[in-house]
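Peer 1: need coordinates for the following:
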Amino acid sequence: MKFKIPFKKQQFDAREEAIIDAVNHLLSEKGYDLMTMDDVADAVGIAKGSLYKHFSSKDKLAAAALTRLLKATEEELDTLSQDMPAIDQIRHILIWSLRLRLQGGVPHLPSTSRTLQRSLMLNLDYVMVALRVNKRFYALVAKAREQGALTASVPDDVVVYTLYSRACDPTMEFLLRDQRLSHEQIVDAMVHATMGGFLSAPNPIPA
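Peer 2: Presented below is the predicted three-dimensional model:
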C-alpha cells in the first residue's frame, strides 16, 4: 500500500529544499559569518517569519546545508563500482566535488568559522554523516596505498583533507573571474594539479 504525502507537506518540503539551496549559495558567496537570516529569506522570496518555521537559527541552516552536501557525497560514493581502482574512485569524487563547486553547490569549509565549527559539533545529524564520509575517504586512501597508487611522502591525513578542501579552493574563483578557461578545463587542470602530487612516481625528483 502506498501512502500519499499530503500536499501541504510536499509544499513544506519543497520550500525547505529551496531554503537549503539558497544557504548553499550564500555560504559559498559570503561565508557563514556574513550570512544573515534576512539574506536567506530574501534569496528564497519568503518572509523571515516563514523561514523560522523551517529553521530556528543560522546554525541550523548551515548544518542542514552541510549535512545535505555530505549525504550527496555518500550517494555519489555508492554509485562507484568496487571493481574500480581506489585511486580512480578518489579521482572521481574529486571531479564530482569540483563540478559541484562550479555550480555553487559547495559552501566554504566549516574550518573558516570557529562559531560554525562549534555549532556543527553539537548537531548530531551532521556529526554522524561527517563521520561516515570521513571513514569512507580514509578507507579509499588506505586501499589506494595498498594498490601502490599513492606516494609514501604524502600522509593519509593530507590526502583526505585535500579532498575536502580542494572543492573550496579560492583558486576556482580567480580562474572563473579570468574567464580564460571553460569549467571543464578548470576541473581537468585542478584534478591534474591535485592528483599529480599524490601519485607514486618511479623516478621521483630529489628534494
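Peer 1: just for this structure, where's the confidence low?
Peer 2: 1-4, 7, 106-109, 111-112, 200-207 (pLDDT under 70).
Peer 1: where along it do the helices fall?
Peer 2: Remark: helices assigned in the chain by DSSP state H are 7-29, 37-44, 48-54, 58-78, 86-102, 114-121, 124-146, 156-166, 171-178, 183-196.
Peer 1: mind putting those into TSV with mean neighbour count?
Peer 2: C-betas here are computed from N, CA, C, even on glycine. Output for the helices of the chain, formatted as TSV (neighbours: other Cβ atoms under 10 Å):
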stretch	mean neighbour count
helix 7-29	16
helix 37-44	16
helix 48-54	14
helix 58-78	18
helix 86-102	19
helix 114-121	15
helix 124-146	16
helix 156-166	16
helix 171-178	12
helix 183-196	15
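Peer 1: contact partners for residue 105?
Peer 2: Counting by Cβ atoms under 8 Å, 6 or more residues apart in numbering, residue 105 makes contact with 24, 28, 69.
Peer 1: please report how far it lies from residue 97.
Peer 2: Distance from residue 105 to residue 97, counting by Cβ to Cβ, to the nearest Å: 9 Å.
Peer 1: and residue 197, what does it touch?
Peer 2: Counting by Cβ under 8 Å, 6+ apart, residue 197 touches residue 154.
Peer 1: could you rerun that using 10 Å?
Peer 2: With contact set as Cβ atoms under 10 Å, 6 or more residues apart in numbering, residue 197 has these partners: 151, 153, 154, 158, 159, 162.
Peer 1: any idea how far apart the tips of stretch 49-69 sit?
Peer 2: For stretch 49-69, the first-to-last residue distance is 26 Å (Cα to Cα, to the nearest Å).
Peer 1: can you check stretch 166-174 too?
Peer 2: 14 Å.
Peer 1: so what touches that stretch?
Peer 2: Under the criterion Cβ under 10 Å, 6+ apart, residues 27-28, 69, 73, 93-94, 96-102, 105-109, 111-112, 162, 175, 183, 186-187, 189-191, 193-194 lie in contact with stretch 166-174.
Peer 1: okay, now residue 113: neighbour count?
Peer 2: Counted with other Cβ atoms under 10 Å, residues neighbouring residue 113 total 19.
Peer 1: surely it touches residue 66?
Peer 2: No: if you go by Cβ atoms under 10 Å, residue 113 and residue 66 don't touch, sitting 11.4 Å apart.
Peer 1: mutual contacts of these two, please.
Peer 2: By Cβ under 10 Å, 6+ apart, the residues touching both residue 113 and residue 66 are 27, 32, 120.
Peer 1: out of the residues you listed, who's nearest residue 146?
Peer 2: residue 120 (31.9 Å; Cβ to Cβ).
Peer 1: please report how far the closest one lies from residue 60.
Peer 2: 10 Å.
Peer 1: now do residue 78
Peer 2: Residue 78 is 27 Å from residue 60, by Cβ to Cβ.
Peer 1: repeat that for residue 129.
Peer 2: For residue 129, the distance to residue 60 - Cβ to Cβ - is 15 Å.
Peer 1: again with residue 16
Peer 2: For residue 16 relative to residue 60 (Cβ to Cβ), the value is 11 Å.
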